[in-house]
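Colleague: sequence? don't have it. structure:
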């Protein structure tokens, strides 16, 4: 195969070998060689980008453009995650000589070198060592050796965490101190960070000590165990979805009041929902509702958050000035909440414990539904979202118990189902809705 640009090589491989029914060894070798060359070329490009980002940061190019360095890179076609990695690598290359050399030689990928830099940074932060110390120099070489040997970036970072523990326990003069905690068990260095993505969803990361992590995993494991359907069939949710639902439920429970009977108390957390005045709704310029932290939300989610959180609605005129504040008087509290808890026992859709549940307005409060026992029912957080967003309906039956009406995608005939604690009822029972 003749030489040329990367595009020439790729086109030649596809044109010459892409249509063959069988691939012989020498063809495989050429394709692998082309892949290897493309990977090396990509490493060269990443090195150039990292050096240019470091130079732009040193001379203030981004600042003079009125942007952060990350914004500057993204504005020129780079994905946010890649931009963050390029910036980290550019900074690391200024203090880590081996990382700089392997980046310049294109002998190790940018992803692996970024993992080495993150691993070194973790050890420096946790042990107090300086970047130019002999121990850190040895660590840098060891981690690069792992990268060359084929370790994944995640494995490199994990090895650095283990090294941080080893170096802390074996620190001179401290190894015989029984009261010294290794970093894995030191809660004073715990970290929790989050960011809002371009799609309006929240993403985050945490770094927890072993005991807090054990409580976290144990609690989520208990709360996310599969709950079978009333007919005995398996829980249809994936394990990751169950954990996400459990995390949401735990946040909900943790925000409730610490009264002697917390399951009867209203949520303690106050959510601020900003609602533009609907004076110009005919022209469609009223705009969406806004949450303080997460920004605009749909009308469906505005109705969901209105159900059973302490809510202060702020009306704004077209100039953004507040014109009204709604008092949080629509919550199910006191006797009304206790009666709903006594009647439903738990989530009427999946049977989750009552202490996990919101009291949902069957006729939405935003649509004029009253805060009365006959207009309320218990729904856990995930089932509450399903009722608001996934086509499930609820009606109050003639028996004064709530009945679920599944969406057509679940039951084409949309036959009513009794509440979970009454799911043994048949549709032809005289008390049916």
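Modeller: That came in fine, so what should we check first? In this text, all values refer to a predicted model and were calculated from it rather than measured experimentally.
Colleague: residues contacting the residue nearest to residue 351 when sequence neighbours are not counted?
Modeller: Nearest-residue entry for residue 351: residue 420, 4.1 Å, with adjacent residues in sequence omitted and distances by C-beta to C-beta, 6 or more residues apart in numbering. Just so you know, the C-beta spots here come from the backbone N, C-alpha and C atoms, and that holds for glycine as well. Taking C-beta atoms under 8 Å, 6 or more residues apart in numbering as the definition of contact, the neighbours of residue 420 are 230, 345-351.
Colleague: quick one: the helices in this protein?
Modeller: Using DSSP state H, the helices found in the chain span residues 6-17, 25-59, 61-64, 69-75, 80-92, 97-105, 110-127, 134-148, 153-169, 210-223, 239-254, 299-308, 334-344, 381-389.
Colleague: do me a favour and average the pLDDT over the longest one.
Modeller: For helix 25-59, the mean per-residue pLDDT is 86.
Colleague: now the first one
Modeller: For helix 6-17, the mean pLDDT works out to 57.
Colleague: distance-wise, check residue 127 relative to residue 246.
Modeller: From residue 127 across to residue 246, the span is 35 Å (C-beta to C-beta, to the nearest Å).
Colleague: ok, now residue 361?
Modeller: Residue 361 sits 25 Å away from residue 246, going by C-beta to C-beta.
Colleague: and if you look at residue 354?
Modeller: Distance, residue 354 to residue 246, by C-beta to C-beta: 16 Å.
Colleague: go on, residue 403?
Modeller: Residue 403 sits 27 Å away from residue 246, taking C-beta to C-beta as the criterion.
Colleague: re the thing from before, which of the helices of the chain sits closest to residue 365?
Modeller: Proximity of the helices of the chain to residue 365 was assessed by C-beta to C-beta; the nearest stretch is helix 299-308, lying at 5.7 Å.
Colleague: on that earlier part again, have a look at residue 354 and residue 246 and say which one is more surrounded.
Modeller: The neighbour count for residue 354 versus residue 246, taken as other C-beta atoms under 10 Å, is higher for residue 246 (22 against 18).
Colleague: contact partners for the more buried one?
Modeller: By C-beta under 8 Å, 6+ apart, the residues touching residue 246 are 220, 223-224.
Colleague: again with residue 301
Modeller: Residue 301 touches 388-389, counting by C-beta under 8 Å, 6+ apart.
Colleague: now do it, the pLDDT please.
Modeller: Model confidence at residue 301, given as pLDDT, is 74.
Colleague: try the one 10 residues further on
Modeller: We note a pLDDT of 51 for residue 311 in this prediction.
Colleague: residue 355 too?
Modeller: Residue-level confidence at residue 355 comes out at 79, pLDDT.
Colleague: didn't it look like it was pressed against residue 252?
Modeller: No: the criterion here is C-beta atoms under 8 Å, and residue 355 misses it with residue 252 at 9.5 Å.
Colleague: more crowded one of those two?
Modeller: residue 252 (20 against 16).
Colleague: run through the residues that contact the residue lying closest to the more buried one once chain neighbours are set aside.
Modeller: In space, not counting the residues next to it along the chain, residue 252 is nearest to residue 381; the distance is 5.4 Å by C-beta to C-beta, 6+ apart. Contacts were defined as C-beta under 8 Å, 6+ apart; by that measure residue 381 touches 245, 248-249, 252, 356, 358.
Colleague: let me have those residues in TSV, extended by distance to residue 297.
Modeller: Written out in TSV, the entries for these read as follows (distance: C-beta to C-beta, whole Å):
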residue	distance to residue 297
245	19
248	16
249	20
252	17
356	23
358	17
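Colleague: of these - the most surrounded one?
Modeller: Taking other C-beta under 10 Å as the neighbour criterion, residue 356 ranks highest of these with 25 neighbours.
Colleague: contact partners for that residue?
Modeller: Shown here is residue 356, whose contacts under the criterion C-beta under 8 Å, 6+ apart are 249, 252-253, 346-347, 380-381.
Colleague: out of those residues, flag the one nearest to residue 410.
Modeller: Within the contacts of residue 356, the smallest distance to residue 410 is 16.6 Å, found for residue 347 (C-beta to C-beta).
Colleague: now the closest one. Nearest residue, chain neighbours left out?
Modeller: Taking C-beta to C-beta, 6+ apart, and ignoring the residues beside it in sequence, residue 347 has residue 380 as its nearest neighbour in space, at 4.2 Å.
Colleague: tell me how many other residues surround the one you found.
Modeller: When neighbours are defined as other C-beta under 10 Å, residue 380 has 27 of them.
Colleague: phi first, then psi, for the closest residue to residue 421 other than its chain neighbours.
Modeller: Across the structure, with C-beta to C-beta, 6+ apart as the measure, the residue nearest residue 421 apart from its sequence neighbours is residue 345 (4.4 Å). Recorded main-chain torsions at residue 345 are phi 70, psi -30, according to degrees, to the nearest 10.
Colleague: quick check: which ranges of this protein have low pLDDT?
Modeller: Confidence mapping of the chain against pLDDT under 70 gives the ranges 1-26, 165, 168-186, 188, 230-231, 255-287, 292-294, 305-330, 424-433.
Colleague: check contacts around the residue positioned nearest the centre of it.
Modeller: In the chain, the centroid-proximal residue (C-alpha atoms, centre = their mean) is residue 203; its distance is 3.6 Å. Counting by C-beta under 8 Å, 6+ apart, residue 203 touches 194-197.
Colleague: is it true that residue 39 touches residue 109?
Modeller: Yes: applying C-beta under 8 Å, one finds residue 39 in contact with residue 109, separated by 7.1 Å.
Colleague: out of the two, which sits in the busier spot?
Modeller: residue 109 (18 against 12).
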